[in-house]
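Q: Below are the sequence and a predicted model; questions follow.
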Amino acid sequence: MVLLITDSLDEHSDAIALLSEGQSSFFRFNVDFALHYTFLFEGFYWEISDPYRSINSEQVTHVFVRKPFQSLGHNFQLPDEAPIQADRDWAIAQLRVIILELISFEKYRGHLKLLQYPFLEQDCKALQMHLAQKYFKTPKWKYFWQATPYEVVGQQCIKPIAQKLLHDNRFLFTTTVTDQVLSAYTPWFLQDIVEAEKDLTIVYINKKCFGFVLDRTQFEGLDWRSSIFEKEQKWLAYTLPTELETKCVALMQELKMDYGRFDFLIDKQDELHFLEVNPNGEWGWLDSYADNGIFATFMKELDLEILHNPFVSSKK
């Protein structure tokens, strides 16, 4: 089955649709009217449905991408019944990332045809989570939007998909939701909660790993970033077990990445749970005096060296 990812105003897509008329093996997805569809991306499975038919990851054989975002900013509208009209730009940002994730995922699977968009598979969290399952525990997750409110049974967490501020300049950090109803017509990223005692982050530079842990008693809530300006947090250097380092290297090789920052949670049984590997994650605060080896390793990869360190003199 063929999936055409495009927008409602593209004439080339109109022609393809007309020439394919009557063929049940063709499905057109107009991104600028995405909320007219129901969308689910969970684990290794995705499904897109309009009022009449659907397509899913088990049916698709070819994916063609034709200017999916050219009219998104102009045509995308939250329905009148959507609860927060002011967050239209936030919803667009989340939606755009989900579509890019879907395209990258299908590129990895070998279904993207004729036009090889420069989407990087390593930016695809869905693919990361899928490949990471071979090496680490991974909490269940899904991307979705639908025309009806979604009831969360029990306790899970919502996460931002795109790094976009809400209309009132707040940022949606990872947040617990317990027996709550999530708004319709909103792209959501929902994940199971890990009862963790520590955060573990690993800076990866071309097969070299630098680990640091943070005790979660140092902040409230699920996301340590939400309180970085309110309370000092002390990340401690962490010696990685050889097995863990080997698994990190193996996953990065599968993702074809030589640089990134892993995020894990460590539970009460001292087991690791993989969250993501950010292909351009920040790490400067972990080597703020340039004496932990990260800056030195990073610069060496660029054929540079530290001739003078102005930061170490300010170290207390």
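A: Perfect, thanks for sending it. Just so you know, these numbers come straight off a predicted model, no measurement behind them.
Q: buried residues in the lowest-mean-pLDDT helix or strand in the chain?
A: When each helix and strand of the chain is scored by mean pLDDT, DSSP states H and E, helix 72-75 comes last, with a mean of 82. Within helix 72-75, the residues scored as buried using 16 or more other Cβ atoms under 10 Å are residue 72. Backbone N, C-alpha and C define where each C-beta goes, glycine included.
Q: which is the next helix or strand following that helix?
A: Sequence-wise, the next helix or strand downstream of helix 72-75 (DSSP states H and E) is helix 88-108.
Q: buried stuff in that next one?
A: Residues 90-108 are the ones in helix 88-108 that count as buried (16+ other Cβ under 10 Å).
Q: and if you look at stretch 52-60?
A: 55, 57, 60.
Q: ok, residues contacting the least confident helix or strand of the chain?
A: Contact partners of helix 72-75, identified using Cβ atoms under 8 Å, 6 or more residues apart in numbering, comprise 7-9, 31-33, 92, 95-96.
Q: let's go with 6 Å and repeat that
A: Applying Cβ atoms under 6 Å, 6 or more residues apart in numbering, the external contacts of helix 72-75 come out as 31-32.
Q: With stretch 273-282 instead?
A: Contacts to stretch 273-282, defined as Cβ under 6 Å, 6+ apart, come from residues 122-123, 125, 128, 132, 136-138, 194, 260-265.
Q: Show me how far it is from its chain's centre.
A: Relative to its parent chain, stretch 273-282 has a centroid offset of 9 Å by Cα atoms, centre = their mean, to the nearest Å.
Q: Only C-alpha atoms, please: export it in CSV.
A: Coordinates of each C-alpha in stretch 273-282 appear next as CSV, following Å, rounded to 0.1, in the frame of the first residue of the first chain:
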residue,chain,number,x,y,z
HIS,A,273,15.9,2.4,31.6
PHE,A,274,16.7,4.1,28.3
LEU,A,275,15.0,7.4,27.5
GLU,A,276,16.8,8.8,24.4
VAL,A,277,20.1,9.7,22.9
ASN,A,278,20.1,13.4,21.9
PRO,A,279,22.2,13.8,18.7
ASN,A,280,23.1,17.3,19.7
GLY,A,281,22.7,17.3,23.5
GLU,A,282,24.2,19.8,25.8
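Q: pLDDT averaged over it - what is it?
A: For stretch 273-282, mean pLDDT rounds to 91.
Q: Check which residues of that stretch are buried.
A: Counting neighbours by 16+ other Cβ under 10 Å, one finds that the buried residues in stretch 273-282 are 273-278, 281.
Q: and those as TSV, adding distance to residue 292 and secondary structure?
A: Output for those, formatted as TSV (distance: Cβ to Cβ, whole Å; DSSP: H, G, I helix; E, B strand; the rest coil):
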residue	distance to residue 292	secondary structure
273	25	strand
274	23	strand
275	22	strand
276	22	strand
277	20	strand
278	19	strand
281	16	coil
